[in-house]
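>>> Dropping a prediction and its sequence here:
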Amino acid sequence: MTSRQTPAIIIGIRDYGEADKVVTFLTPAQGRVTGIAKHAKKSRKRFANCLEPLNRVEFFLAPKSRGELEFIQKGELVNSFPSLRRDLKRLGAAAVLAELAGLMAAPPEMVAEVFQTLEGVLGLLENGGPPDSLLPAFLLRLLSLGGYGPRLQACLKCSQEPKAPLYFSVPQGGVVCGPCSRGAAGPLLPLSPGAWKLLRMAQGMEREKLPRLRFPRRQRDESLAIFRAFLRHHLGKPMKSWAFWDKVAMAKEGN
Ligand SMILES: [Zn+2]
């Protein structure tokens, strides 16, 4: 039986039994996949420096029966993003984006684009791109690719261009203006005109241009608070990687 080869970005790894590892990874054709790497703890040859979260690898997968885990025969490292790993804040942003990409890679026609978007932003972080701006801009892009794009163009209730004060309705996933906020479904989070403008701009941009956007700290925090509450509401549970981001972002900013 022939194995098939696929590009992959590793999202998570856990030990399985004495010798094996269970690996969750993102692929451009199948989205998020879980596979088992037999004897991975011992076999340095088959998985040389390969099995680390965020690594971009090539995996060789054996044919499997329906419903079984993919069987990972071999892996080859393509990029371990070494410079990103030396900066905790960039690593924190990468971890959130990788977890979200795994969750958003569901619509089949979007899977390849989700993979390329994650690979692209990991490369930007590796080359010193600012995590404060790349994190909100690419979170928004991944949400849109997964069909969870927030509605930011006009007030959800009156359809007018909203004027300050603006709010974001977490359950409805969009912006409401001050007068409409009284009857809107809550929780409602405040959204400053500056953050709203940046997010609206990010939503209409081509992916190649997203790295040009700069989110000042307040706009970054408002945007992240909105995405986080929105995701928690729709997923029914918090994403694991936010705790790490909180720790590293705060440590660096001294509060
Ligand atoms: Zn309104």
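Perfect, I can see it now.

>>> Could you use CA atoms for every contact and neighbour count after this?
OK.

>>> Toward the C-terminus, what is the element adjacent to the longest strand seen in the chain?
Under DSSP state E, the strand in the chain containing the largest number of residues is strand 4-16. Downstream of strand 4-16, the first helix or strand assigned by DSSP states H and E is strand 20-27.

>>> Name the strands paired with that next one and say parallel or antiparallel.
strand 4-16 (antiparallel), strand 31-37 (antiparallel) (DSSP bridges).

>>> Nearest to the ion, out of these?
strand 31-37 (37.5 Å; C-alpha to the ion).

>>> looking at the strands paired with strand 20-27, which is buried most?
Counting by mean count of other C-alpha atoms under 10 Å, strand 31-37 has the highest mean neighbour count of the strands paired with strand 20-27, with a mean of 21.

>>> Quick check: mean pLDDT of it?
What strand 31-37 shows for mean pLDDT is 94.

>>> Could you report the neighbour count for residue 109?
Residue 109 has 11 neighbours, counted by other C-alpha atoms under 10 Å.

>>> Same list as before, the strands paired with strand 20-27 that is, but in TSV and with distance to the ion included.
TSV is the format used below for the strands paired with strand 20-27 (distance: least, C-alpha to the ion, whole Å):
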stretch	distance to the ion
strand 4-16	40
strand 31-37	38
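
>>> Same list (those strands) but as CSV, adding distance to residue 25.
Shown next, in CSV, are the strands paired with strand 20-27 (distance: least, C-alpha to C-alpha, whole Å):
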stretch, distance to residue 25
strand 4-16, 4
strand 31-37, 5
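
>>> Just give me how far stretch 233-243 sits from the chain centre.
Averaged C-alpha coordinates place stretch 233-243 at 12 Å from its chain's average position (C-alpha atoms, centre = their mean, to the nearest Å).
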